[in-house]
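> Give me the fold of what follows.
(2 chains)
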Amino acid sequence: MIRLLDLRSEKSGYCFPVSEKMWGILGRRAVDGGFSASSFRRMRSGLVSARSYAAGSKEMTVRDALNSAIDEEMSADPKVFVMGEEVGQYQGAYKITKGLLEKYGPERVYDTPITEAGFTGIGVGAAYAGLKPVVEFMTFNFSMQAIDHIINSAAKSNYMSAGQINVPIVFRGPNGAAAGVGAQHSQCYAAWYASVPGLKVLAPYSAEDARGLLKAAIRDPDPVVFLENELLYGESFPISEEALDSSFCLPIGKAKIEREGKDVTITTFSKMVGFALKAAEKLAEEGISAEVINLRSIRPLDRATINASVRKTSRLVTVEEGFPQHGVCAEICASVVEESFSYLDAPVERIAGADVPMPYAANLERLALPQVEDIVRAAKRACFRSK
Amino acid sequence: MATAFSATLPLHGSSQENRLLLPPTRLPPPSSFLGSTRSLPIRRLNHAHAARRSPVVAVQEIVKEKKPTNSLLITKEEGLVLYEDMILGRSFEDMCAQMYYRGKMFGFVHLYNGQEAVSTGFIKLLTKSDSVVSTYRDHVHALSKGVSARAVMSELFGKVTGCCRGQGGSMHMFSKEHNMLGGFAFIGEGIPVATGAAFTSKYKREVLKQDCDDVTVAFFGDGTCNNGQFYECLNMAALYKLPIIFVVENNLWAIGMSHLRSTSDPEIWKKGPAFGMPGVHVDGMDVLKVREVAKEAVSRARRGEGPTLVECETYRFRGHSLADPDELRDAAEKAKYAARDPITALKKYLIENKLANEGELKTIEKKIDDLVEEAVEFADASPQPGRSQLLENVFADPKGFGIGPDGRYRCEDPKFTEGTAQV
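Numbers count the residues shown, from 1 in each chain, chains lettered A, B, ... in the order given. Prediction:
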């Protein structure tokens, strides 16, 4: 999936694989001054600030990004090991841990029995004793069987022991809705875990996010809940050379501004970032310039970035996939109202999944999750362009 | 009445299974087996069933065999160490009760009176790098493992000099130095954590190629044996052959729920062989018997032969916690076990076998009394934690949260309360 770009050739500029958004920018620049290696580099630096997929030389799926991140961290530190259902011989339920068993052997890649409470607790105990486990949940819905360990023995331990025992563990797996998997496999746990002090909760969107945040999570000495998304695993994103370096890490607790704008702020995480970006395109056509913030880190929440953005645009639309009550959006709304109330020109808009267990029927599922049109409508409401 | 454990027999009895060493006549009547004077219907041990059990040898027989050859189970030094440890446990817990009723200690306090033989019997065989994981009844486990009485008492008083600086409390005794990995309030929660610590020991040996033969001992109660995590860990410990000893402190009561009322098969040691590990039952009121079984279980684990499940029949002399009125237990049952007090039993053994005299034991008792008194004074005199401690240690790496860009803890920054708690 990774295609190399030959920067020296002008012609190649037209055939490297980029997303349609990038295409638009490059198209415009091409009209202006034609392609050359130097203008590419200038463009790349310009693009980095605007949307920071560097004028991509490569693309990577999120799946490959996660796989490479785990692989590199395992080879760098022998204390890192992977544990979960089907992570070994089956190559990973979603093939995230593909190839790791062959490379590192069964002493470092453990296929566990179906005992979430048991193996999560074992991971926590191993972390107490100094190892760095990466525990995979087949989906975070199954983490409910192990939530006692995630919260009571992992999150709270550093505090209860007054800093004596830290727990350098990563709990990762797909979170949120997939396609037609029904109510018990579709819940989003971001709000649940993000309310617990002692946990760090991360939600990557692109391949770069996935790589950087997972590497940061594995290196972090605290328990990290790493919420991936099944539907994003197969999606390709451009990835820069810096991101492919084995010491590339993204800071935990910093959000990223995916798209700059000045009329309305849209904050979201995980799959909804893609939807928000599409919504921003549609809004741009109607003359509304939306700023899209990819939260990346749900706990700690980057309140500074969100509030700075709201103070700039004066309007906020928060989007998430999970249940609305007590959700991540609710926290962002509260934070913005507490801090930037006098800057708001419109009530804060909150888009979340429907307040029902996820239905199975495809059309109902579509109705139960936020769609691009919902985000567009909300943004327009915030801008008083519609009722 | 202890059906117990043989060092020499293999794990899964092969042909030796039939060398089943408990002839039916020796099987004790069920009511005295479990120590309860209540006549509850108990499934009679099926003798045919018994034939299929994993190999057992009564520890009592071993003990009795040794005696005639005039070799005692312990030397004088060992005996005094055991005695001192049990006296420390008992005095400390008695002092806790006093302090609680004086208001110096608060919250949930669960005392260990009566069960000292189990803690002393196992933990005194461990080294400093071996790990112990316990439940909320963890004061004495921490003391036996080496955490100082001062540190534990201060922790109970909620002072900053406590082993966890007052953050944990009675139910959460952690000590990295002594490898006391807690103190868990949820029953069953410590078992997977202990299994993980044992897993680390094996990982260090096999993957990191370090010289590591640390074992982990997990203590938990009879009520926990009905919890799913227990079975999950028995399975995985046997599957991965982890160096762990699962010690069931069967004191017959889970708050007010009798073990017999809540368990379909009350004989917990039988659950070990079901998962492929030896299951041992031992008289937990006798520290020497516990020590014998513990020696074998610990050396089994160190040799890499895998886990063991040890059921210690013991009794708690006080209620479940200091808030428990303890109305459901029979006075006769309590009296019966009080007569089997492990400390008096050891004292008797030491004196009868001329390992120590009254004077030496009294000196130890006085020393411990002074130690505990001093611990109380120390705890009393210690300061309470400072306000800034509230927000410390949430994370080990505070860069993500606790420490601001200027390098100071954010709680010192008056603007910290952005959108979160008021301090």
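> Which of the helices or strands spans B:Arg205?
helix B:190-206 (DSSP states H and E).
> Flag every buried residue along the helix or strand just after that helix.
As assigned by DSSP H and E, the chain's next helix or strand after helix B:190-206 is strand B:216-221. Under the neighbour-count criterion of 16 or more other Cβ atoms under 10 Å in any protein chain shown, strand B:216-221 has B:Thr216, B:Val217, B:Ala218, B:Phe219, B:Phe220, B:Gly221 buried. (Each C-beta comes from the backbone N, C-alpha and C, glycine too.)
> so which of these would you say is closest to chain A?
B:Thr216 (8.1 Å; Cβ to the nearest Cβ).
> Which members of the buried residues of strand B:216-221 are the farthest-apart pair?
Comparing every pair within the buried residues of strand B:216-221 by Cβ to Cβ identifies B:Thr216 and B:Gly221 as the most remote, at 17.6 Å.
> Would you state the strands of the stretch 101-250 of chain A in chain order?
A:109-111, A:132-136, A:170-174, A:200-202, A:224-228, A:236-239 (DSSP state E, counting those that start in this stretch).
> elements contacting the third one?
In terms of contact count using 3 or more Cβ pairs under 8 Å, 6 or more residues apart in numbering or on different chains; DSSP states H and E, strand A:170-174 is assigned the packing partners strand A:132-136, helix A:207-219, strand A:224-228.
> The residue in the stretch 301-423 of chain B positioned nearest to chain A in helix, strand or coil?
Going by Cβ to the nearest Cβ, chain A is nearest to B:Ala396 of the stretch 301-423 of chain B, at 3.5 Å. For B:Ala396, the assignment made with DSSP: H, G, I helix; E, B strand; the rest coil gives coil.
> burial count for it?
The number of residues packed near B:Ala396 is 18, by other Cβ atoms under 10 Å in any protein chain shown.
> A:Val224 is in contact with that one, correct?
No: assessed by Cβ atoms under 8 Å, B:Ala396 is found out of contact with A:Val224, at 11.5 Å.
> okay, the strands of the stretch 101-250 of chain A in a markdown table with mean pLDDT and distance to B:Ile87 next?
Formatted as a markdown table, these follow (pLDDT from 0 to 100; distance: least, Cβ to Cβ, whole Å):
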| stretch | mean pLDDT | distance to B:Ile87 |
| --- | --- | --- |
| strand A:109-111 | 94 | 44 |
| strand A:132-136 | 97 | 41 |
| strand A:170-174 | 97 | 44 |
| strand A:200-202 | 95 | 45 |
| strand A:224-228 | 97 | 45 |
| strand A:236-239 | 94 | 66 |
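> Just send the ones you listed back as CSV, with mean neighbour count too.
Output for these, formatted as CSV (neighbours: other Cβ atoms under 10 Å in any protein chain shown):
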stretch, mean neighbour count
strand A:109-111, 21
strand A:132-136, 28
strand A:170-174, 26
strand A:200-202, 29
strand A:224-228, 28
strand A:236-239, 24
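> Out of those strands, which is closest to A:Ser340?
Nearest of the strands of the stretch 101-250 of chain A (Cβ to Cβ): strand A:200-202, 23.1 Å.
> could you check whether the closest one is close to chain B?
Yes: contact between strand A:200-202 and chain B, assessed by Cβ under 8 Å from any Cβ of the partner chain, occurs at A:Lys200.
> so where do the strands sit in the stretch 101-250 of chain B?
Here the stretch 101-250 of chain B has its strands, by DSSP E, counting those that start in this stretch, at B:131-133, B:174-175, B:180-181, B:216-221, B:244-250.
> And these: which comes nearest chain A?
Nearest of those (Cβ to the nearest Cβ): strand B:174-175, 3.5 Å.
> Residues in contact with that closest one: which ones?
A:157, A:160-162, A:164-165, B:142, B:145-147, B:151, B:163-164, B:168, B:180-183 (Cβ atoms under 8 Å, 6 or more residues apart in numbering or on different chains).
> Which entries within those residues meet the buried criterion?
So, by 16+ other Cβ under 10 Å, the buried ones in the contacts of strand B:174-175 are A:157, A:160-162, A:164-165, B:142, B:145, B:147, B:151, B:163-164, B:168, B:180-183.
> follow-up on the earlier one: I'd like the strands of the stretch 101-250 of chain A as CSV, with distance to B:Ile245 appended.
Below are those laid out as CSV (distance: least, Cβ to Cβ, whole Å):
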stretch, distance to B:Ile245
strand A:109-111, 22
strand A:132-136, 22
strand A:170-174, 28
strand A:200-202, 34
strand A:224-228, 32
strand A:236-239, 49
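> Who are the contact partners of A:Val310?
Counting by Cβ under 8 Å, 6+ apart, A:Val310 has contacts A:Thr265, A:Leu316, A:Val336, A:Ser340, A:Tyr343, A:Leu344.
> of these, buried ones?
Using 16+ other Cβ under 10 Å, the buried ones in these are A:Thr265, A:Leu316, A:Val336, A:Ser340, A:Leu344.
> Tell me which entries of these lie within strands.
A:Thr265, A:Leu316 (DSSP state E).
> what stretches of the chain score poorly on pLDDT?
If you meant another chain, say so; for now it's chain A. A:1-56, A:386-387 (pLDDT under 70).
> not quite, I wanted chain B
B:1-70, B:398-423.
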